[in-house]
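> With the sequence up front, the predicted model follows.
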Amino acid sequence: MLTRVFSPARIGPLRLPHRIVMGSMHLNLEHDPPALAAFYRERAEGGAGLIVTGGAAVDAAGSGGPRYLVLDRADAWEALALTLDAVHGEGALLALQLFHAGRYAMPAEGVATVAPSAVYSRFSRRTPEAMDGARIERVIEAFAAAAAAARDAGFDAVEVMGSEGYLINQFASPLTNLRNDEWGGDEDRRAAFPLAVLAAVRAAVGPDYPVIVRTSGADFVEGSSTPEQSADLAVRLAAAGADALNIGIGWHESSVPSVQALVPHGMWLDIAGGIRRRVAEAGLTTPVIGSNRVNSLPLAEAALAQGDVDLVSMARPFLADPRLVAKSRDGALDLVNTCIACNQACIDRSIGTERVSCMVNPRAGRELDFPRVAREPEPPARRVAVAGAGPAGMQAAATLAAAGLHVDLIEEAWRIGGQFLLAGRVPGKSDYLETVRYFEHELERLGVRVRTGVSARAEDFVAHAHVVVATGVRPRRVVLPGAALLPVLDYREAFAAPWRVGRRVAVIGAGGIAVDLAHLLVEGAGLVGGAGLVGGAGLVGGAGLVGGAETSAQARDRFRREAGVEGAGHAPPPAREITVLRRGDRVGEGIGASTRWAVLQALRDAGVRSRTGVAYRRLTPDGLVVADATGAEETIPADTVVVAAGQEPHAPLADELAALGVPCTVVGGALDASGLNAVRAFDQGLRAGAAVAASLTVRLGAR
């Protein structure tokens, strides 16, 4: 029962229907007001109570990029008016986030980047100009003017962005505030700017208008504010009139991951809890909002029950499922499409100019392109089919069925999910199995006839109106002299039967699949005392988890060790000696920018070695012989060699269907295995499903 989640709450004078806040996300839709409004409308209709917009810069120098709204320009307010009407029309509340990126800014050409001090930023790759006193006062005035304009425009609240390493956070940090004047020099003077911004905003909007402050709970950057200093500032902001404190975690320059999949669920809520206790000890009742790696309402319920927070902010989960709140309220938790924290279509895009979406929900951000409409009451008699139930196939089947078509989904494995079943076994990626769970229940709800453990044959589809071929990929083979001298597995075999993998492993290939496999094997999968995998449901010839699965406490301790977070226990020795090898010069090619560094850091800390720029020569009983660019040879000790050197499309069914005259569309890895990623696969599944439905003159729906 989600009794605490669905109890009402207050932020100042604002009454909220429940305790879930839809957190701020920059969407790169801000230049397209109808699309922006449609995005927020669907979340409001789906049960969101209070929504916080993406950051809107209070002046041009504070812009985080070319697609940010700048609030001293009239066109920004014109764009926001559509969103306000859309959200209010669905009965939800909307807060405008007031934003200044400081040294993280990427303003338009000719506009200087400014910050408390001229400290180089590894994120923006520039050194800002140090602000003089007059510039500081102008920025404070800009925050106040934007807040007053938000109130007058009809926004229900404002949120002042003061965390994640942006301008206000920079003033509070001894790392980026090197001043020795009234705006810096000791902890009190570093707090002056955050407090001045809050005071100016409060004066501009009056005492009865809700002002939320997002403030840092932990910077996780060496030389920056300590957690105690961050908590001190939070208490001072509460005492100075903040109606709620929204606790942010980490900077863009931090070496501690904060939002990636390898971060355990709810990892940072205890930091918010510590601030909440400090606020209470000061005799204040200011509500505290916790965030980061909370991707389900049951998890939010547990945090509320434990007393760490008063409200929970969830951002990316609303990308994955716009009806997250409504489904959870109705008890339909199995129909919630879970955010898997892959970051590939959201955070990675938000730092550029491509519109933000979601890997597991490719409609996100494109609600106008793929509108959700009622299904046909009398679907046509002819059926359509989807062959293959990986990401592209699952999405295509759901899109076709939502449009009103009778759909057959055929999968040769014993469970749908494709390579998500492999990813879900990797430490820190268990949420990938939640995507499989979602589609299993959603396809059943939509009436899709799913057949697993069946090989698709062209003659079975002659009566179908159309077939979407999503039969995926096969591992690329690498032929090495001496193959009889040492066990050689492809990556699917290693995932399915890790007990066949010895203690010394050479992995040929160093892309995303190889990195995932190394993470699985180094943690001990398949070894005595490891996270054993045994034959059973899941894959052709493979694999269900049994025994050894991590508890939440174990996952958090492992993460602390890998990330170097205070309080970690002693790391156990690596279960295997693993070397990943690549002909090229980049390990983890294809992994998203916001995730790659964290995953590679974790592997290095676990003792996984990597070698790049090598050629594979031969196998010997002692291991794999490789050569460097000079031709010098070296033996990589190995008991087992695993080949994870890419994939090849597998779509013989398409040619067979063409020979029989059956219309078909090929999608996903079956179409093109180069640069294979699940974002593209889900997207192609959506597009193919929509196009086939339209071609069969059925009104297009969406799941």
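Sure, I can see it.
> use CA for all of it now, contacts and neighbours both
Will do.
> Can you name the residues that contact Arg457?
Leu653 (C-alpha atoms under 8 Å, 6 or more residues apart in numbering).
> ok, now how distant is it from Arg474?
18 Å (C-alpha to C-alpha, to the nearest Å).
> Could you do Arg609 as well?
Distance from Arg609 to Arg474, by C-alpha to C-alpha: 26 Å.
> Neighbour count: the two, which is higher?
For Arg609 versus Arg474, neighbours defined as other C-alpha atoms under 10 Å are more numerous around Arg474 (18 against 15).
> who does the helix or strand the more buried one falls within pair up with?
Secondary structure from DSSP states H and E places Arg474 in strand 473-475. Using DSSP bridges, the strands paired with strand 473-475 are strand 647-649 (antiparallel).
> Beyond the strand holding Arg474, next helix or strand please.
strand 488-490.
> for that next one, the distance to its chain's centre please.
Offset of strand 488-490 from its chain centre (C-alpha atoms, centre = their mean, to the nearest Å): 31 Å.
> which helix is the longest one in this structure?
Longest helix in the chain by number of residues (criterion: DSSP state H): helix 133-153.
> pLDDT averaged over that one, what's the number?
Mean pLDDT, helix 133-153: 98.
> in that helix, what counts as buried?
136, 139-151 (16 or more other C-alpha atoms under 10 Å).
> any low-confidence regions in this structure?
Low-confidence segments of the chain, defined by pLDDT under 70: 373-381, 528-550, 566-571, 697-703.
> how does it look with 90?
The chain contains residues with pLDDT under 90 at 1, 107-110, 372-382, 427-428, 523-575, 589-590, 605-606, 674-677, 697-703.
> okay, now the domains of it?
21-292, 383-475+648-695, 483-645 (automatic domain parsing).
> Now distance to Leu284 too, for the buried residues of helix 133-153, in JSON lines please.
Formatted as JSON lines, these follow (distance: C-alpha to C-alpha, whole Å):
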{"residue": "Ile136", "distance to Leu284": "30"}
{"residue": "Val139", "distance to Leu284": "29"}
{"residue": "Ile140", "distance to Leu284": "26"}
{"residue": "Glu141", "distance to Leu284": "28"}
{"residue": "Ala142", "distance to Leu284": "29"}
{"residue": "Phe143", "distance to Leu284": "25"}
{"residue": "Ala144", "distance to Leu284": "24"}
{"residue": "Ala145", "distance to Leu284": "28"}
{"residue": "Ala146", "distance to Leu284": "27"}
{"residue": "Ala147", "distance to Leu284": "24"}
{"residue": "Ala148", "distance to Leu284": "26"}
{"residue": "Ala149", "distance to Leu284": "29"}
{"residue": "Ala150", "distance to Leu284": "27"}
{"residue": "Arg151", "distance to Leu284": "25"}
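> The stretch 601-703 of the chain: helices as residue ranges?
652-660, 678-695 (DSSP state H, counting those that start in this stretch).
> Give me whichever of those is most buried.
helix 678-695 (a mean of 23; mean count of other C-alpha atoms under 10 Å).
> gap between that helix and the chain center?
21 Å.
> which residues touch that helix?
344-345, 358-363, 370, 391-400, 403, 405, 466, 468, 665, 667-669, 699-701.
> Run the chain-centre distance for the strand holding Arg474.
With C-alpha atoms, centre = their mean as the basis, strand 473-475 stands 26 Å off its chain's centre.
> Stretch 332-341 too?
So, by C-alpha atoms, centre = their mean, the centroid of stretch 332-341 is 13 Å from its chain's centroid.
> and if you look at stretch 21-35?
16 Å.
> can you tell me the helix or strand for Val468?
Assigned by DSSP H and E, Val468 falls in strand 466-469.
> Contacts made by that strand with the rest, please.
Identification of contacts with strand 466-469 by C-alpha under 8 Å, 6+ apart yields 383-388, 393, 396, 461, 651, 653-654, 662-667, 670, 688, 692.
> Narrow these to those that are buried.
For the contacts of strand 466-469, buried by 16+ other C-alpha under 10 Å: 383-388, 393, 396, 461, 651, 653-654, 662-667, 670, 688, 692.
> Excluding residues flanking it in the chain, which one is nearest Val426?
Leaving aside its sequence neighbours, Val426 sits nearest to Leu520 (C-alpha to C-alpha, 6 or more residues apart in numbering; 5.0 Å).
> follow-up on the earlier one: nearest to Gly352, out of the domains of the chain?
domain 21-292 (7.4 Å; C-alpha to C-alpha).
> residues near the closest residue to Ala645 other than its chain neighbours, how many?
Nearest residue to Ala645 in three dimensions, chain neighbours excluded: Gly509, at 4.3 Å (C-alpha to C-alpha, 6+ apart). Other residues within reach of Gly509, judged by other C-alpha under 10 Å, total 25.
> residues touching Gly509, list them.
Counting by C-alpha under 8 Å, 6+ apart, Gly509 touches 580-583, 643-646.
> cutoff 6 Å now
581-582, 644-645 (C-alpha atoms under 6 Å, 6 or more residues apart in numbering).
> Tell me how far it lies from Val515.
Distance from Gly509 to Val515, counting by C-alpha to C-alpha: 9 Å.
> Which parts of the stretch 351-500 of the chain are strands?
383-387, 406-411, 449-452, 466-469, 473-475, 488-490 (DSSP state E, counting those that start in this stretch).
> residues in contact with the fifth one?
Which is strand 473-475. Here strand 473-475 has contacts from 647-650, 669-670, using C-alpha under 6 Å, 6+ apart.
> ok, 7 Å please
Residues outside strand 473-475 that contact it (C-alpha atoms under 7 Å, 6 or more residues apart in numbering) are 490, 646-650, 669-670, 673.
> before we move on, back to that, list the helices and strands the longest helix of the chain packs on?
Packing partners of helix 133-153 (3 or more C-alpha pairs under 7 Å, 6 or more residues apart in numbering; DSSP states H and E): helix 192-205.
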